[in-house]
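Student: Take a look and give me a structure for this.
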Amino acid sequence: MSDKFEKMKQIRDEVIAIDGGLAEYRKKNNNHAVLGEGSHDSKIMFIGEAPGKNEALTGRPFCGAAGKILDSLLESIGVPRKEVYITNIVKDRPPENRDPLPSEIELYAPFLDRQIDVIQPKVIATLGRFSMDYIMRRLGLSLEIETISRAHGKSYDGTASYGTVKVVPLYHPAAAIYNQSLKETLKKDFQILRTA
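Tutor: As a prediction, this is how the structure comes out:
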């Protein structure tokens, strides 16, 4: 087993062992924690906000309608899904797919930080405003934060524990389910990942 695999397994075990809050909701509903999936050696890491219903049922990130959009966006830039790493800040599903609370982000964020340190991606693509806000603050880009409608598709140089990392804020693929015009915007924004 690789060292990275062991470290990721340790993170998973710790998340599964959490008591209270969203973990109680997970256990009560017989759901899964959703840690992430993909290559532990990925150059690109996608970070969403929190798992939805399909994700909680399967334990896989982005496996529902938003996942199908993400898959087609990856196809549009010629990157196989298995070559990237996909996760969320919050590892358990909030009830009724509500936005994650600040306290929930605070609880789960250290696990995400450790995942980033294990994978050491060159590019972090944030999906949605919650992950954009968290990652930009975490990587020393607080002064650069704008609304997602302004920041999407731009590239910022952040500082991680292992060096410089490009941060590319993107709209959450779920937004394109309700607003078809965003699908084209996302497709255009994804082009930056070819060169980042």
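Student: so which strand or helix has the most centrally placed residue in the chain?
Tutor: When Cα atoms, centre = their mean is applied to the chain, the residue found nearest the centroid is Ile47 (1.4 Å). Assigned by DSSP states H and E, Ile47 belongs to strand 44-48.
Student: Pro51 now?
Tutor: Using DSSP H and E, Pro51 sits within no helix or strand.
Student: CA atoms of the longest helix seen in the chain as PDB?
Tutor: Secondary structure of the chain per DSSP state H: the longest helix is helix 102-119. The C-alpha trace of helix 102-119 is given here as PDB (Å, rounded to 0.1, in the frame of the first residue of the first chain):
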ATOM      1  CA  PRO A 102     -20.100  27.600   9.000                       C
ATOM      2  CA  SER A 103     -19.800  25.200  12.000                       C
ATOM      3  CA  GLU A 104     -20.000  22.300   9.600                       C
ATOM      4  CA  ILE A 105     -17.400  23.700   7.300                       C
ATOM      5  CA  GLU A 106     -15.200  24.300  10.300                       C
ATOM      6  CA  LEU A 107     -15.600  20.700  11.500                       C
ATOM      7  CA  TYR A 108     -14.800  19.000   8.100                       C
ATOM      8  CA  ALA A 109     -12.300  21.500   6.700                       C
ATOM      9  CA  PRO A 110      -9.200  20.100   8.500                       C
ATOM     10  CA  PHE A 111      -9.900  16.700   6.700                       C
ATOM     11  CA  LEU A 112      -9.900  18.500   3.400                       C
ATOM     12  CA  ASP A 113      -6.700  20.300   4.300                       C
ATOM     13  CA  ARG A 114      -5.100  17.000   5.000                       C
ATOM     14  CA  GLN A 115      -6.400  15.600   1.700                       C
ATOM     15  CA  ILE A 116      -4.800  18.500  -0.200                       C
ATOM     16  CA  ASP A 117      -1.500  17.900   1.600                       C
ATOM     17  CA  VAL A 118      -1.500  14.200   0.700                       C
ATOM     18  CA  ILE A 119      -2.400  14.800  -3.000                       C
END
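Student: Good, wrapping up.
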